[in-house]
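[1] sequence and predicted structure are below.
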Amino acid sequence: MPNRLQHETSPYLLQHANNPVDWYPWSNEAFQRAQDENKPVLVSIGYAACHWCHVMEHESFEDDSVAAFMNEHFINIKVDREEHPDVDHLYMDALQAMTGAGGWPLNMFVTPDRKPFYGGTYFPPKSMYGRSSWMEIVTALHRAWLEKPEEVQLQSTQMLAHLKQASLIATVKPDEKKIEKQDIETIVKNLLQQADREFGGFGGAPKFPATGAIQFLLEYYHFQKDKENGLATAALEHALLSLNKMIEGGIYDQIGGGFSRYATDNDWLVPHFEKMLYDNALLLDVLSFAYQITKEERYRRVITETIDFCNRELRSADAEGFYCALDADSEGVEGKYYTWTWQDWKALMNDVHPAVAAYFGVQEDGNWEHTNILNEAIPTATILETYSLSAKAWDEHLTVAKNKLFTKRQERIRPSTDDKILLSWNALMNIALVKAATALDEERYLQQAEKQIEWLLQTFIQGEHVNHTYKNGTAKITAKLDDYAYLIAALLQLASATGKEQYLHKANELMQITADDFINEDHNFFYFSSVQQTDIVVRKIELYDGATPAANSVMMENLWIMGNLYERSDWLEQSTEMMFAMKQSAVRYPTSFARWAIFIQQYEAGQKQLIIAGNQAEAILKDWKKEIHPEIYAFAQTVSSTLPALKNKYLDGGTLLYLCEGFACRQPVASLAALGL
C-alpha cells in the first residue's frame, strides 16, 4: 500500500511512495508525532539521480521486516535534498562533524526537536565493507534511545552548539582589509600545486569539474598575459588541459552532448553517469570564457552540443524551465543507456570506417566492466595519419557514425528524469545561456534566456513571496538564499547583455527582500534559509563553493554591481567586508572557495562600471561584448533614466561612454577606443 509520499511531487519521494516504510515528507506533522510518542526521528536524505540511494532503498527500505522495525520504533522522514537544501546542509554539516565524511544517502537520526545525534550514509543489509548493517544500526539506536536517553540528549545538544558555533564568522582586523597582487599569485600557486598535470583537474579520483578554479585560472591569464608572466602561461595551460581532458573523456557524452556529474577515475573516462542541470550550466559558463580567450572551435562545438542536450533532454515540454537531472541508471544498471558492448557495436557499426572504433576507444573486451564508454581515445591528428584520411573525409565518417549511434540509442530505455524545476539551478542555466550568446554571438541563446527569465519570474514569484521548486503547475517551498542570489545574478547578466533596465529594477526588488529576510546579525553575511522559516534548528551561513557557488559569494558580487548602479554605499561596504572576511580562506583553499577568489582577483584588477548612454548605445555595447573585461560591468542606456548611476548621462542625438568607479566617473568619451582599455 502506498505511504504518505504518494501525494508528493518530487520524483525522489515518489520513488519511495510504495516502500513498506511509513515515510513522512519533511513536515511539522512528523515531528509532532515524534514528540507525542517520544520516538527518535530518522531523516533520510537523497535525490532522484543518486545511485546508492536506489541501492539502499532496494536492500533495506523495500524489506518488510526492516520496515516493520523502523515503523514501530522510529518516525521516518524522506527528504529530497534538492527540495530542502537547507535541511541537507544542516544535517550534512552534522554528519561531517561526527564522521569526517559525507555523501548520499544521508541518514541522520534526530530528536523530536530536530537535533542530530547520530548519522551515516549508505548502510548495507549485512555487515560488510567494514560497515555495520542497517538493522544493526537501527537496533542499537533504538536501545540507546530507551536505555541511555540522557546521553542521547547531551550528544544532540552538544552537536547543536557546535553547528551554531560553526556559523560564526571571524572578525577581520582593519590592517587586514586589503588585497595585494601577492594574494592573487598565492591563489594561483596553491591551485597549481593541486593540479593533475597529466589529466587535468585538481587532485585524484573521484574528479569533479571544478569550474570555479578553472575560471579563476583563465581570468588570471587574461589579466596577466601581456606582462611576460610565466605563471599566467601555466595557469592557462592547466585550465585548458582540464577542459580538454573532460571533453575528450567519458564524462562528456560524445554522442548526445552534455556532461555527467563527475569521473570516478583520474583520466575522466568513467563517469558517475547522472547528468545534473547545474553542472552543465557551470561548464557552459567556463567553456564560453575559454572560447572567448582561445577561439578554439572545439569549445564552440561542445557549448552548442551541451545546450542542445539541455534543450532536448532537460527542458520542460510545456514551459521554459529546465528539469533537475537525468538518472545514472537505466533498467537497474548504471550507465547502460550510454555504453556499448562489442556485440552492440559490431551489429550497428559493421559498415562504418574502422577509424571510428579506434577513435572512440571501443574494444572487444570493453574499456569498463566488459562494455565500452565512448571517449576520444586517439587524437584526431593521429587518426588522420594512421588511416590516411583527409580532415573532410574523417569529419564525414564521424558525423555518420555519431548519427547512427544517437539514433540507435534513442531506442533504448532512457534513464529516469528528475522533472522538478528549481529556481536556483534554472537561474544558473540562464546565466550560461547569456554567456554562450555573448561568446558565440548567437542571438538565439539570448532570446531563449529572456523567455526563460520571464517564465521564472511569473512562475516562482507571488507578490513578495518567492518559491523554490515547481512541478505540475504548482510552485512551492519558500525560496532559499541561492534562489535569490542566482536569480539576481541572472537578471544583472541579462540587463548587461540587453540594456533593458526592467531587469535591474526586478533585481533591486529581490535585493530588498534578501536584505530583510536573510541578513545575519553582523549585517554582512546572509543566512541560507529565510527568517520566515521555522523548521530549521540552526540557520546556516553557507560559505563553501561546492558543486554550485556559495550563495554568499554570489551575493558579494551582486552587492558590488547593485551598489554601484544604485549608488548604495552600504551595499558596496557590505560586499567588500564579505570579501575581506573570506580572503584568507580563498587564498589558502582556492578550490573550496573559488568564487570568492574570482571576485578577489577582479577587485585587485580594478573593478569598474561602464555606462554607455545614447542612441547608439546598443551597437557600441555589442562591440564591447566582443572584448574580455570580467572586472567591468557594462550597461547600455538608450533612454533617459532616474536610476542613480544612469541619471543625467543620456545624450539625445549622440552617445557617450562613462567609465566609473566608486560613484565617480572619468570624463566621458565618444568611442570604445577612447576608453584606453
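    Good, I have the coordinates. Numbering: from 1, shown residues only.
[2] all helices of the stretch 551-677 of the chain, in order?
    Along the stretch 551-677 of the chain, the segments classed as helices by DSSP state H, counting those that start in this stretch run 551-565, 569-588, 594-606, 617-625.
[3] how about a markdown table for those helices, with mean pLDDT, mean neighbour count and distance to A34 added?
    Where C-beta positions appear, they are placed from N, C-alpha and C, glycine not excepted. Below are the helices of the stretch 551-677 of the chain laid out as a markdown table (pLDDT from 0 to 100; neighbours: other C-beta atoms under 10 Å; distance: least, C-beta to C-beta, whole Å):
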| stretch | mean pLDDT | mean neighbour count | distance to A34 |
| --- | --- | --- | --- |
| helix 551-565 | 97 | 25 | 30 |
| helix 569-588 | 95 | 19 | 37 |
| helix 594-606 | 97 | 23 | 38 |
| helix 617-625 | 93 | 17 | 56 |
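[4] can you redo these as TSV with distance to R414?
    Listed next are the helices of the stretch 551-677 of the chain as TSV, based on distance: least, C-beta to C-beta, whole Å:
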stretch	distance to R414
helix 551-565	32
helix 569-588	41
helix 594-606	33
helix 617-625	38
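[5] looking at the ones you listed, spot the one closest to P11.
    For P11, the closest of the helices of the stretch 551-677 of the chain is helix 551-565, at 24.3 Å, according to C-beta to C-beta.
[6] with just CA atoms, put that closest one into CSV.
    Extracted in CSV, the C-alpha atoms of helix 551-565 (Å, rounded to 0.1, in the frame of the first residue of the first chain):
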residue,chain,number,x,y,z
ALA,A,551,25.1,31.9,-2.3
ASN,A,552,27.1,34.4,-0.2
SER,A,553,29.9,34.6,-2.7
VAL,A,554,27.4,35.3,-5.4
MET,A,555,25.6,37.9,-3.2
MET,A,556,29.0,39.6,-2.7
GLU,A,557,29.2,40.2,-6.4
ASN,A,558,25.6,41.2,-6.6
LEU,A,559,26.0,43.8,-3.9
TRP,A,560,29.0,45.3,-5.7
ILE,A,561,27.2,45.6,-9.0
MET,A,562,23.9,46.8,-7.5
GLY,A,563,25.7,49.1,-5.0
ASN,A,564,27.3,50.9,-7.9
LEU,A,565,24.2,51.1,-10.1
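[7] and that helix, what does it pack against?
    helix 481-498, helix 502-518, helix 569-588, helix 594-606, strand 608-614, strand 632-637 (3 or more C-beta pairs under 8 Å, 6 or more residues apart in numbering; DSSP states H and E).
[8] which residues are in contact with the fifth one?
    Put plainly, it is strand 608-614. For strand 608-614, contacts defined as C-beta atoms under 8 Å, 6 or more residues apart in numbering pick out 561, 564-565, 620-621, 624, 629, 631-638, 645-646, 649-661, 665, 675.
[9] what segments of the stretch 301-450 of the chain are helices?
    Under DSSP H, counting those that start in this stretch, the stretch 301-450 of the chain gives helices at 342-349, 354-360, 380-386, 391-409, 423-440, 443-460.
[10] before we move on, the earlier item: I214 is nearest to which of the helices of the stretch 551-677 of the chain?
    Of all these, the one in closest proximity to I214, counting by C-beta to C-beta, is helix 594-606 (8.5 Å).
[11] all set now, cheers.
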